[in-house]
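Student: starting from these lines, generate the structure:
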Amino acid sequence: MKLFESISLAGKTLNNRVVMPPMTRSRSTQPGDVPNTLMAEYYAQRASAGLIVSEGTQISALGKGYAWTPGIYTKAQIDGWKLVTDKVHEAGGVMFAQLWHVGRVSHPSNTEGQQPISASAIQAKGVKVFVDEGDNPGFVESVMPREMSIEDIKAVVEEYRVAARNAVDAGFDGIELHSANGYLLNQFIDSQSNTRTDEYGGSVQNRIRFLKEVVQAVSEEIGADKVGVRLAPLTTLNGTVDDNPEETYLAIASMLNRFKIGYMHIAEADWDDAPQMPISFKMAIREAYSGLLIYAGKYDTERAEKALTEGWADMIGFGRPFVANPDLTYRLANNVPLNEHNPDTLFGGGEKGYTDYSFAK
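Tutor: Alright, predicted model coming up:
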């Protein structure tokens with residue numbers, strides 16, 4: 001099966017084409033959002049994946065949207081991630097860090113009292129974020145952001161550059177820019193969350209300019225082959241919607257192709273009545289972008305093999321199955337039944353529902 005053939009990325013030979021995609025698990029050490037030995041065990045258990053992409057990792061205090069998620073902007077956080085990458089490498093794995101700025105999807109309780117920022121001063125109405133206010137952790141509605149100035153944009157581009165360097169210093173094999181699911185980069189990209197009238201708003205080329213500048217900065221810092229970009233053309237998560245996703249995302253694919261980045265990672269909408277991404281759209285992306293393409297969204301081995309054989313995907317992400325199946329690659333290769341994950345232990349807590357799922361052998 002093609003799913004279990006090797007493939008090259010960032011100078012590494014990946015053992016298979018199975019990807020463990022980024023999944024928030026909210027188990028960093030507090031205070032300080034510091035990765036820890038429990039997280040190291042969790043990722044190392046899953047190192048048989050061809051590629052692991054870490055959970056979303058905020059690049060700054062203002063980039064944080066949810067309590068207990070890890071950062072990558074302090075020395076303690078970098079040292080914590082080094083524990084993780086060392087364990088993954090010892091287990092034979094390859095791991096990229098997903099760099100994350102949530103933009104407007106936040107609350108001052110998570111941003112040290114600062115007002116969140118976005119492409120435009122548009123609130124993500126009805127979107128809730130998790131906060132930890134001492135004895136009463138829980139969900140609150142995200143607040144009205146302030147529109148970023150040109151100076152803000154330049155500062156955040158620099159934060160991404162520094163975060164990419166920090167990731168490499170922490171032992172990651174590369175980084176993925178989280179440009180999907182309604183977070184900051186996506187807020188610039190999609191037409192309904194960006195009403196700017198300057199060079200970062202309006203036309204497609206203007207709306208993708210911020211992403212382009214971030215890609216350029218991190219590519220200069222660590223090498224374009226160590227850079228991945230995650231996109232979600234058809235999802236409407238966290239209130240971001242684009243009026244013409246094929247035009248917008250094919251323009252992004254062409255732009256990323258010019259940079260020769262390591263990969264594009266397409267998150268397909270995966271809820272029950274989600275819009276299907278047409279095969280014609282996928283083939284158009286393949287034509288516009290000649291690098292490695294990852295797709296994720298309710299794939300099983302049959303769908304994965306079809307995608308790889310038809311040529312519009314090079315690797316496939318399996319999200320929720322990796323939560324409950326540390327040996328997912330073995331199970332897929334040998335048609336072993338999968339463990340079911342416990343939804344009550346997805347976020348926060350300790351080893352229960354995290355590192356205690358059984359192996360098949």
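Student: max-length strand in this structure?
Tutor: Counting by DSSP state E, the longest strand found in the chain is strand 51-58.
Student: can you name every helix or strand that that one contacts?
Tutor: Counting contacts by 3 or more C-beta pairs under 8 Å, 6 or more residues apart in numbering; DSSP states H and E, strand 51-58 is packed against strand 18-20, helix 75-90, strand 95-100. To be clear about C-beta, it is placed using only N, CA and C from the backbone, and glycine gets the same treatment.
Student: can you list the strands that the first one pairs with?
Tutor: This means strand 18-20. Using DSSP bridges, the strands paired with strand 18-20 are strand 51-58 (parallel), strand 315-317 (parallel).
Student: which one of the helices and strands packed on strand 51-58 lies closest to E268?
Tutor: With C-beta to C-beta, the closest approach to E268 among the helices and strands packed on strand 51-58 belongs to strand 18-20: 13.3 Å.
Student: could you point out which element follows that closest one?
Tutor: Downstream of strand 18-20, the next assigned helix or strand under DSSP states H and E is helix 37-45.
Student: name the SS class of A217, please.
Tutor: helix (DSSP: H, G, I helix; E, B strand; the rest coil).
Student: for the one 4 residues further on, same thing?
Tutor: E221 falls in the helix class when you classify it by three-state DSSP.
Student: any idea of the pLDDT on it?
Tutor: Here the pLDDT value assigned to E221 is 98.
Student: now the helices for the protein?
Tutor: 37-45, 75-90, 150-169, 184-189, 204-207, 209-222, 245-259, 279-288, 301-310, 320-324, 328-334 (DSSP state H).
Student: packing partners of the fourth one?
Tutor: Counting contacts by 3+ C-beta pairs under 8 Å, 6+ apart, helix 184-189 packs against strand 117-118, helix 209-222.
Student: one step back: single out the most deeply packed of the helices of the chain.
Tutor: For the helices of the chain, average neighbour numbers computed from mean count of other C-beta atoms under 10 Å are highest in helix 184-189, which has a mean of 28.
Student: tell me the contacts of the residue nearest the centre of the chain?
Tutor: When C-alpha atoms, centre = their mean is applied to the chain, the residue found nearest the centroid is H178 (4.3 Å). Under the criterion of C-beta atoms under 8 Å, 6 or more residues apart in numbering, the contact partners of H178 comprise 22, 56, 98-101, 185, 230.
Student: okay if I get those residues as CSV plus distance to A274 and pLDDT?
Tutor: Converted to CSV, these look like this (distance: C-beta to C-beta, whole Å; pLDDT from 0 to 100):
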residue, distance to A274, pLDDT
P22, 19, 98
G56, 21, 98
Q98, 22, 99
L99, 26, 99
W100, 22, 98
H101, 25, 98
L185, 21, 98
R230, 17, 98
